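Enquirer: What follows is a predicted protein model with its sequence.
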Amino acid sequence: MKIALLQPAKPKDSAPAASHWSLCRPLSLLFLASAIRKSGQHTCEIIDLERLFALNSSATLESILSTVKADAFGITATTFTRHDAIATAKILRKYNPSVPIIVGGVHFMYCASDALSSVPEIDIVVRGEGEQATVELLNALSKDGDLSSILGISYRTSEGDVSHNQDSNLFEDLDSCEIHDFQSPADYPEYLFGSNEPIKAVSIMTSRGCPYHCLFCAKAGMKYRHRSSDSVISEIKYFQTHYGIYAFNLLDLTFTASPKRSIELCNAIIKEELDIQWWCETRANIPLDLIPLMAEAGCRHLVIGVETGSPRILNRIQKGVDLGQVERVIAESVKSGISPTCYFMLSHPGETYKDAQETLTFIRYLINKYEVCCALQPCMVLPGTKIEEIARKNGSLPHNFSWSAPYFEKSNLELGQVSNIPLFWDSLSFNELKMLLEEFREITESEVEFKKIPQKYTKFSWSRIKTILKKRTLNEIANIALHDARVFIKTISAHRKMNRR
Ligand code: B12
Ligand code: SF4
């Protein structure tokens with residue numbers, strides 16, 4: 001059986017920020033493709049509509065989809081792309097009335113009933129990780145069509161009722177997913193996240209899940225599992241040898257969720273002298289001595305979810321860290337040559353204007369003292385989160401809110417947010433949020449411009465220079481030298497500007 005796996009295009013009315021999001025290979029579909037290939041019984045084709053539209057903005061969804069032929073369709077979606085996923089399903093059904101349409105991904109996994117009862121074109125929802133369920137679905141659809149024993153799916157029965165099978169187990173054998181040879185990274189303009197310079201990069205995942213329970217997070221509390229160091233190293237080497245890529249965005253939910261494993265992987269990267277640069281997301285409660293090791297293994301940028309500068313709110317949202325830990329991780333990162341970015345949010349449950357002011361004060365302090373980059377945005381409501389539960393109770397979401405119904409909130413755009421995901425409202429008003437975000441922009445515009453100094457060029461260790469000399473051609477070394485000289489001059493002039501102020 002052949003399945004066409006589709007990633008929807010991104011909505012056209014996105015916030016300005018969305019235009020900067022880089023295209024990256026659709027990892028979720030690549031994992032499914034790898035499982036299908038491994039089954040040896042079925043085939044698949046990946047259609048990345050986001051990429052196709054980025055290449056050709058005058059194409060229409062209908063013109064692309066009308067020619068796609070398969071025995072089943074699988075569509076992935078985030079909450080941001082849910083409406084485009086639904087539009088995709090409708091067009092596919094129009095041209096293929098009897099071909100089953102399966103949906104999955106972080107959006108649909110938490111609102112299967114909603115999707116099946118509101119969108120007749122969706123036949124099956126895969127509620128969890130899709131590797132096993134997709135293969136089992138293809139097996140069943142190619143035989144008698146009996147779906148009753150497939151774990152982790154919801155579907156419409158022949159009587160038209162929605163039926164939910166039991167949850168599936170999480171996928172454990174992460175080393176078995178070989179996705180590196182699907183879709184060339186050369187087709188994706190992906191760069192190292194957090195870097196001021198466009199450094200060609202590719203996204204990889206070294207683990208899945210996160211043991212923490214942040215109220216707003218769509219993947220909170222999902223069991224943590226990781227790949228072996230050998231498997232990660234061999235994927236890195238594959239991209240180095242086949243594509244000359246030396247920079248990697250590690251898309252793990254929390255790269256440091258298991259410090260023991262992070263230490264193991266960093267040591268393996270150092271031992272192999274891979275000479276890579278990488279970006280990852282972490283939390284403030286990691287052992288401080290892990291940070292210099294990560295730097296030695298090539299970590300250049302990391303994101304820390306700080307969320308708020310108010311100790312009261314930090315406690316209330318059960319982040320499990322304090323502001324002292326945040327500051328220590330930042331200080332250690334900067335000292336080690338890693339540039340940290342701190343993510344903050346406004347409009348947490350119970351957050352007052354005074355709490356929000358504390359967030360701005362903390363941001364100003366971090367920028368002044370450590371020259372860190374900070375991002376601030378209002379809290380969004382995502383399906384399956386604790387925040388969704390609270391939003392339905394406090395009226396922030398109407399009680400009959402459906403994730404499948406059209407949703408366009410123009411005022412979100414005024415706050416720099418995507419227009420199709422509801423924001424969480426509690427104590428802060430729209431005008432207060434707007435003022436706070438304006439104040440944040442003023443802080444960052446005046447401070448960051450002069451203070452964001454590329455740490456990696458000020459901290460060139462001798463061992464790194466030796467590794468580069470060993471690995472690169474003369475031409476590449478000359479390019480690196482030119483590039484560094486340019487950044488050095490920029491840095492000096494930024495310092496001079498700062499001193500004049
Ligand atoms: C890379 C990334 C981005 C990139 C690019 C994403 C892109 N091109 O789509 C950028 C930086 C642009 C980005 C932006 C945003 N992101 Co983002 N991002 C991620 C990240 C780190 C990795 C996504 C990924 O590849 N996951 C790996 C795959 C394997 O997981 P998966 O998608 O769940 O797939 C499995 C199952 O769901 C299932 N499955 C998936 N699809 C399908 C389809 C079928 C047919 C089947 C059967 C099964 C199935 O099988 C898969 C394998 O087991 C995730 C966090 C994470 N680690 O997952 C956040 C995440 C996806 N982002 C998130 C958010 C909130 C955003 C933003 C809204 C941020 C913002 N505040 O503006 C924007 C929206 C952009 C968007 N396109 O949706 C949330 C999504 C929540 C939600 N309900 O949608 C996540 C989960 C982070 C989080 N912890 O909450 N993001
Ligand atoms: S630490 Fe990050 S990934 Fe884990 S639950 Fe919190 S926000 Fe989600």
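Expert: Cool, got the structure. Ligands and ions are numbered 1, 2, ... in the order given.
Enquirer: now Ser203: how far from ligand 1?
Expert: Ser203 sits at a distance of 6 Å from ligand 1 (criterion: C-beta to the nearest ligand atom, to the nearest Å). (Each C-beta comes from the backbone N, C-alpha and C, glycine too.)
Enquirer: Show me what the mean pLDDT comes to for the strand or helix carrying that residue.
Expert: Per DSSP states H and E, Ser203 falls inside strand 201-204. The predicted model gives strand 201-204 an average pLDDT of 96.
Enquirer: Please save the CA atoms from it in CSV.
Expert: What follows is strand 201-204, C-alpha atoms only, in CSV (Å, rounded to 0.1, in the frame of the first residue of the first chain):
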residue,chain,number,x,y,z
ALA,A,201,22.6,23.6,9.7
VAL,A,202,20.3,20.6,9.9
SER,A,203,17.9,19.6,12.6
ILE,A,204,18.3,16.4,14.5
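Enquirer: same for that strand, what does it pack against?
Expert: helix 229-243, strand 247-250 (3 or more C-beta pairs under 8 Å, 6 or more residues apart in numbering; DSSP states H and E).
Enquirer: Take those and write them to JSON lines, including distance to Phe193, mean pLDDT and mean neighbour count.
Expert: Formatted as JSON lines, those follow (distance: least, C-beta to C-beta, whole Å; pLDDT from 0 to 100; neighbours: other C-beta atoms under 10 Å):
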{"stretch": "helix 229-243", "distance to Phe193": "16", "mean pLDDT": "96", "mean neighbour count": "16"}
{"stretch": "strand 247-250", "distance to Phe193": "5", "mean pLDDT": "97", "mean neighbour count": "22"}
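Enquirer: For those, could you give me a markdown table that also reports distance to Asn139?
Expert: Output for the helices and strands packed on strand 201-204, formatted as a markdown table (distance: least, C-beta to C-beta, whole Å):
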| stretch | distance to Asn139 |
| --- | --- |
| helix 229-243 | 27 |
| strand 247-250 | 33 |
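Enquirer: Select, out of those, the one closest to ligand 2.
Expert: strand 247-250 (13.1 Å; C-beta to the nearest ligand atom).
Enquirer: Can you name the residues that contact the residue of the stretch 201-350 of the chain found nearest ligand 1?
Expert: Nearest residue of the stretch 201-350 of the chain to ligand 1: Ala218, at 3.5 Å (C-beta to the nearest ligand atom). Counting by C-beta atoms under 8 Å, 6 or more residues apart in numbering, Ala218 makes contact with 79, 106, 110, 382-385.
Enquirer: Return the set of buried residues in stretch 85-100.
Expert: 85-93, 96, 99-100 (16 or more other C-beta atoms under 10 Å).
Enquirer: Same question for stretch 298-312.
Expert: The neighbour-count check on stretch 298-312 (16+ other C-beta under 10 Å) flags 298-310 as buried.
Enquirer: swap in stretch 109-124?
Expert: Residues 109-112, 114-116, 119, 121-124 are the ones in stretch 109-124 that count as buried (16+ other C-beta under 10 Å).
Enquirer: Tell me the residues of the protein that contact ligand 2?
Expert: Proximity of the chain to ligand 2 is confined to 210, 212-214, 217, 219-220, 253-254, 283, 305 under the rule C-beta under 6 Å from any ligand atom.
Enquirer: just to confirm, which helix or strand has Leu302 in it?
Expert: Per DSSP H and E: strand 299-307 holds Leu302.
Enquirer: Tell me the first helix or strand C-terminal of that strand.
Expert: helix 311-316.
Enquirer: any residues touching the helix or strand just after that following helix, and which ones?
Expert: Per DSSP H and E, the first helix or strand lying C-terminal to helix 311-316 is helix 323-336. For helix 323-336, the external contacting residues (C-beta under 8 Å, 6+ apart) are 282, 284-286, 288, 291-292, 294-295, 302, 304, 306, 309, 311, 314, 339-340, 342, 362, 366, 370-372, 455, 459.
Enquirer: Next, the angle from helix 323-336 to strand 299-307.
Expert: Counting by axes from the mean of the first three to the mean of the last three C-alpha atoms, to 10 degrees, helix 323-336 points 170 degrees away from the direction of strand 299-307.
Enquirer: can you redo the contacts of Ala218 as a markdown table with secondary structure, pLDDT and distance to ligand 1?
Expert: Output for the contacts of Ala218, formatted as a markdown table (DSSP: H, G, I helix; E, B strand; the rest coil; pLDDT from 0 to 100; distance: C-beta to the nearest ligand atom, whole Å):
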| residue | secondary structure | pLDDT | distance to ligand 1 |
| --- | --- | --- | --- |
| Thr79 | coil | 97 | 4 |
| Val106 | coil | 97 | 4 |
| Tyr110 | helix | 95 | 7 |
| Leu382 | coil | 98 | 4 |
| Pro383 | coil | 97 | 6 |
| Gly384 | coil | 96 | 7 |
| Thr385 | coil | 96 | 8 |
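Enquirer: Closest one to Arg51 out of those, please.
Expert: Using C-beta to C-beta, Val106 is the member of the contacts of Ala218 that lies nearest Arg51, at 19.2 Å.
Enquirer: residues contacting Trp278?
Expert: Trp278 makes contacts with 192, 247-250, 297-301, as judged by C-beta under 8 Å, 6+ apart.
Enquirer: So it lies in a strand, does it not?
Expert: Yes - judged by DSSP: H, G, I helix; E, B strand; the rest coil, Trp278 forms part of a strand.
Enquirer: Look up which residues are beta-bridged to the residue nearest to it when sequence neighbours are not counted.
Expert: By the measure of C-beta to C-beta, 6 or more residues apart in numbering, the closest residue to Trp278 outside its immediate chain neighbours is Phe248, 4.5 Å from it. For Phe248, the beta-bridge assignment (DSSP bridges) gives partners Val202, Trp278.
Enquirer: got the contact list for Phe248?
Expert: Going by C-beta under 8 Å, 6+ apart, Phe248 touches 192, 201-204, 236, 239, 276-279.
Enquirer: Of the residues you listed, which pair is most distant in space?
Expert: Within those, Phe239 and Trp279 form the most distant pair, 14.7 Å apart (C-beta to C-beta).
Enquirer: quick revisit: out of the contacts of Phe248, the closest to Ala72 would be?
Expert: Ala72 has its nearest neighbour among these in Ser203, at 26.6 Å by C-beta to C-beta.
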